[in-house]
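> okay, here's the prediction I keep looking at, along with the sequence it came from:
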Number of protein chains: 2
Amino acid sequence: MVLPERERGVCCPPTLKARPQKVEQTSELLKALADPTRLQIALCLRDAKEPVCICDFTATFDISQPTVSHHMAKLREAGLVDVTKQGIWSFYRLSPDLSAAARRILDAIG
Amino acid sequence: MVLPERERGVCCPPTLKARPQKVEQTSELLKALADPTRLQIALCLRDAKEPVCICDFTATFDISQPTVSHHMAKLREAGLVDVTKQGIWSFYRLSPDLSAAARRILDAIG
DNA sequence: AGAATCCATTGACGTTCGTCAATGGGTCTG
DNA sequence: CAGACCCATTGACGAACGTCAATGGATTCT
């Protein structure tokens, strides 16, 4: 492997390509996906043909109902998902106006 | 929007497509990338033609040297990067044997 | 040898996170 | 109306995180 030649006391700060705002935004998205439960939920919704009822997730994972609700809130705050209530049910889907960047990352997983 | 018909007391736990181990693994990767500083470092290394000296990162970000070191350790533990020491310098690059999954996610960003 | 440079580790601190139990609100059924 | 069902919120707790100051090891220059 070829390593660059360096001189003591002289650093070469790399120019950061992405805008700070964009970095922060992407970081928030990754944080939302960086929990195993939320990741599985997000992938479920990505692959689902219809909106999914929260009760199905509550029945799937080995965590309490409030915790599932908490995870959904995180996904909502990240702008990743979208709720529609009907009767006693809450149906979730991937946000229809997901940014291209977010969609690309989501598609790169699994 | 068309919502599924549901029946009270009957849930339809979705079948999870990804293996639990794979989910955990991806989650760890995302966690490593989910910090703004680490994200910028990872993108830098992804786009760099040569290994990058840590002193350059220390000169770039508004955080202390130990914190930069700490972030590099996280990226190392995640298997994302790779160090080579030469003299007083430590050069980092993207791990040469990065999984296809990790590479795909990294390429989907920015 | 002594000083300077680069970098990792340790210890500490406040913040955020993942989780649960308890509670409450909303909706449907009997 | 009374009960069952679904779901969000609140409050609490331990664990993990991001950060820094201080320290120490290793290397190189003078």
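Perfect, I can see it now. Numbers count the residues shown, from 1 in each chain, chains lettered A, B, ... in the order given.
> residues in contact with the residue nearest the centre of chain A?
The C-alpha lying nearest the average C-alpha coordinate of chain A belongs to A:L33 (CA atoms, centre = their mean; 3.5 Å). Counting by CB atoms under 8 Å, 6 or more residues apart in numbering or on different chains, A:L33 touches A:L39, A:A42, A:L80, A:I105, A:L106, A:I109, B:S27, B:L30, B:A34. Glycine gets a C-beta too; all of them are placed from N, C-alpha and C.
> go with 10 Å
Going by CB atoms under 10 Å, 6 or more residues apart in numbering or on different chains, A:L33 touches A:39, A:41-43, A:74-75, A:78, A:80, A:102, A:105-106, A:109, B:26-27, B:30-31, B:33-34, B:105.
> ok, now A:D97?
Under the criterion of CB under 10 Å, 6+ apart, the neighbours of A:D97 are A:G79, A:D82.
> and the residue of chain A closest to DNA strand C?
A:G87 (2.8 Å; CB to the nearest atom of the strand).
> which residues touch the residue nearest to that residue when sequence neighbours are not counted?
Leaving out its chain neighbours, the residue that sits closest to A:G87 by CB to CB, 6 or more residues apart in numbering or on different chains is B:R6, at 7.9 Å. Taking CB under 10 Å, 6+ apart as the criterion, B:R6 is in contact with A:C53, A:C55, A:D56, A:Q86, A:G87, A:I88, A:W89, A:F91, B:C12.
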